[in-house]
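Q: Prediction below, plus the sequence it came from.
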Amino acid sequence: MIASPPAKKQKIQIQIDPEKPMEVHSYLMKLKEDNKLELGPLQRSEEMSVKEWMEMCYPHIFRVFPQNPKEFFQFSDKSKQNEFLYCQYWLFLFEVRNIVSMDYSVSPDYVESLGKVIETLEMQGFDCRFMRSEMVLIGNMMKKQQEIMLAERDVIAKRTVNLEKELQDLAKQKSKEELQYKGQIEPNKLPCAALEQEYVEVILERHKKMLASKEEEGKRLDQVLEKINQLH
C-alpha cells in the first residue's frame with residue numbers, strides 16, 4: 001500500500017448546501033462518474049496530520065464537505081491516536097461511496113445498517129447532513145419506482161382475473177364439446193376448447209408468478225422506504 005499523495009493541491013471552489021438533496025446528488029454523481037470516490041492505497045507521512053492528509057488526498061469531499069471529528073478517546077501514543085482518527089475518516093469515506101453506489105435493489109437491512117453507521121459517525125463528530133440529504137433523494141426516487149411497480153401490478157392483477165374467467169368459460173365449453181363429439185373424435189385428439197384451455201393455463205401460471213413477484217417487490221420497497229424515513 002504505497003503511493004505518493006498528489007503533488008499539487010487541487011482548488012475546490014464549489015459551494016453546495018448539504019441539506020439540498022438535488023445539489024448534493026448531482027455533485028456526488030459527478031464524482032462517481034469521474035472515479036473520484038475510489039478509496040486508493042495511499043500513504044501518509046508521520047509529520048502530516050490525518051485531517052490534513054485526507055483533505056489533500058480527497059479534496060472533492062473534504063473541501064466541499066469539511067469534517068471535524070472529535071477525539072473522544074485519548075491515547076498516550078500519538079501514532080495510535082492518528083490510527084484511530086484514520087479509521088474514522090476511512091469509515092466515513094467508505095459509507096459515502098456506499099451511499100452513492102446504492103441502487104433500486106437495496107435491501108431494508110442494508111439501509112438500517114447504513115443508518116446506524118451514520119449515527120455512529122455523527123456521534124464521533126462527523127457532519128453527515130449531506131449523507132442524509134442524499135438518502136432523501138434516493139427515497140424520492142424509490143417512491144416513483146414504487147408508483148410504477150404498483151401500476152404494473154394492477155395491470156397484471158386485472159389480466160389474471162380475466163384469464164381465470166376465460167379458463168372457467170373454456171372448461172365449460174370443453175365439457176360441452178366432449179359430450180357433443182363423444183365417440184366421434186380420434187384418440188389423442190382434443191377438442192378445440194381443450195387446446196385453448198391448455199394455452200390459457202400456461203399464460204395464467206406466468207401471470208400468477210409475475211403477480212407474486214410484484215407483491216414481494218412491493219413489500220421490499222415499503223420496508224426500504226420505512227427505513228429511509230427513519231433516518232430523518
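A: The structure has been received and is ready for your questions. Residues are numbered from 1 along each chain as shown.

Q: buried set for the one helix or strand residue 26 maps to?
A: If you go by DSSP states H and E, residue 26 is part of helix 21-33. Buried residues in helix 21-33, counting neighbours by 16 or more other C-beta atoms under 10 Å, are found at 21, 23, 24, 25, 27, 28, 31. The way it works is simple: take the backbone N, C-alpha and C, and place the C-beta from them, glycine included.

Q: any idea which of the residues you listed is closest to residue 127?
A: When the buried residues of helix 21-33 are compared for distance to residue 127 (C-beta to C-beta), residue 24 comes out closest, at 12.4 Å.

Q: And residue 197, what's its pLDDT?
A: According to the prediction, residue 197 has pLDDT 79.

Q: quick one: it and residue 167 touch, right?
A: Yes: under the criterion of C-beta atoms under 8 Å, residue 197 lies in contact with residue 167, with a separation of 6.6 Å.

Q: Looking at the two, which one has more neighbours?
A: Taking neighbours as other C-beta atoms under 10 Å, residue 197 and residue 167 compare with residue 197 leading, 19 against 15.

Q: ok, now which ones touch that one?
A: The neighbours of residue 197, taking C-beta atoms under 8 Å, 6 or more residues apart in numbering as the test, are 167, 170, 171, 174.

Q: Compare the residues you listed and tell me which has the most neighbours.
A: Tallying neighbours with other C-beta under 10 Å puts residue 170 at the head of those, with 20 neighbours.

Q: In three-state terms, label that one for me.
A: Here residue 170 is recorded as helix under DSSP: H, G, I helix; E, B strand; the rest coil.

Q: That one against residue 200, yeah?
A: Yes: counting by C-beta under 8 Å, a contact exists between residue 170 and residue 200, whose distance comes to 6.2 Å.

Q: Near residue 158, how many residues? Count them for me, please.
A: When neighbours are defined as other C-beta under 10 Å, residue 158 has 11 of them.

Q: Let me have the buried residues of helix 21-33 in a markdown table, extended by pLDDT and distance to residue 154.
A: As requested, those are arranged in a markdown table below (pLDDT from 0 to 100; distance: C-beta to C-beta, whole Å):
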| residue | pLDDT | distance to residue 154 |
| --- | --- | --- |
| 21 | 92 | 29 |
| 23 | 93 | 35 |
| 24 | 93 | 34 |
| 25 | 93 | 30 |
| 27 | 94 | 37 |
| 28 | 93 | 34 |
| 31 | 93 | 39 |
